[in-house]
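Peer 1: Here you go, sequence then predicted model.
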Amino acid sequence: MPKIIGGSLHEHRAQTRQKLFAALSSLMADRGFDAITLADIASAAGIGRTAVYNHFPDKESLLVGFITHETEQYVATLERSLRDVEDPVEQLRTYVRAQAQLKRVYHLAPGPDLRSVLSRATQQRVREHVHLVEQILRRILSQGIESGAFPLQDVDTTVPLVNACLSSRGVPDDGPERDHAVEATVTFVLRAVGARLPVHA
């Protein structure tokens, strides 16, 4: 019987999944999703290959599990940061800053774009989790339009345009250049949705 990590079976499963996610993230950043195997991930995680199948039947299922976990954690953190912000413009600033600084390992990994190597079913499952983040932006824009902070516009059109801008916008890793790039992105998005900005912005 394999050694139990942590104080319970539930904790053992959670910690094992975290090890697999960390290994997948590291290997993807280094080689790309298409160039790694489930055996590579198990080895990097320090977990027996057969034990991996107790959690995920294949590599794509592991990727979906990883993206689900990362998205849920990110959404929870973002919602906490928005909880005490009432002004829609400030809410949008918070959203854009969070998105601009987010490291999307599965978007930036070397090798072919994930859309070319994943099955249609897996692509759809990944898309469902992107929708969780889009719902937050949709809510901010809708409330801003209702309050008059943003001009009337087609939210169904604006949401994907804003997120496409943010997902393709790279920022430096650190330093003043990073801060400047993030704030420039914030200003660009606010202007794009028609937010009223101070003259100095």
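Peer 2: Here it is on my side, so go on. Bear in mind that the values here come from a model prediction, so they are computed numbers and not experimental data.
Peer 1: what's the nearest residue to A22 if we skip its chain neighbours?
Peer 2: Using CB to CB, 6 or more residues apart in numbering and skipping the chain neighbours, the partner closest in space to A22 is A45 (7.1 Å). To be clear about C-beta, it is placed using only N, CA and C from the backbone, and glycine gets the same treatment.
Peer 1: count of neighbours near the one you found?
Peer 2: Taking other CB atoms under 10 Å as the criterion, the count of residues near A45 is 21.
Peer 1: so R97 makes contact with A181?
Peer 2: No: R97 is beyond contact range of A181, at 11.0 Å (criterion: CB atoms under 8 Å).
Peer 1: buried set for the longest helix anywhere in the chain?
Peer 2: The single longest helix within the chain, with elements called by DSSP state H, is helix 120-147. Buried positions in helix 120-147, judged by neighbour count with 16 or more other CB atoms under 10 Å: 122-123, 125-126, 129, 133, 136-137, 140-141, 143-145.
Peer 1: could these be laid out in JSON lines, adding distance to L102?
Peer 2: Shown next, in JSON lines, are the buried residues of helix 120-147 (distance: CB to CB, whole Å):
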{"residue": "T122", "distance to L102": "21"}
{"residue": "Q123", "distance to L102": "20"}
{"residue": "R125", "distance to L102": "20"}
{"residue": "V126", "distance to L102": "15"}
{"residue": "H129", "distance to L102": "13"}
{"residue": "V133", "distance to L102": "9"}
{"residue": "I136", "distance to L102": "13"}
{"residue": "L137", "distance to L102": "13"}
{"residue": "I140", "distance to L102": "16"}
{"residue": "L141", "distance to L102": "19"}
{"residue": "Q143", "distance to L102": "22"}
{"residue": "G144", "distance to L102": "22"}
{"residue": "I145", "distance to L102": "25"}
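Peer 1: of all those, which comes closest to G175?
Peer 2: V133 (26.7 Å; CB to CB).
Peer 1: for the closest residue to the closest one other than its chain neighbours, what are its contacts?
Peer 2: Closest residue to V133 apart from its sequence neighbours, by CB to CB, 6+ apart: V75 at 6.4 Å. Shown in contact with V75 (CB atoms under 8 Å, 6 or more residues apart in numbering): 132-133, 136.
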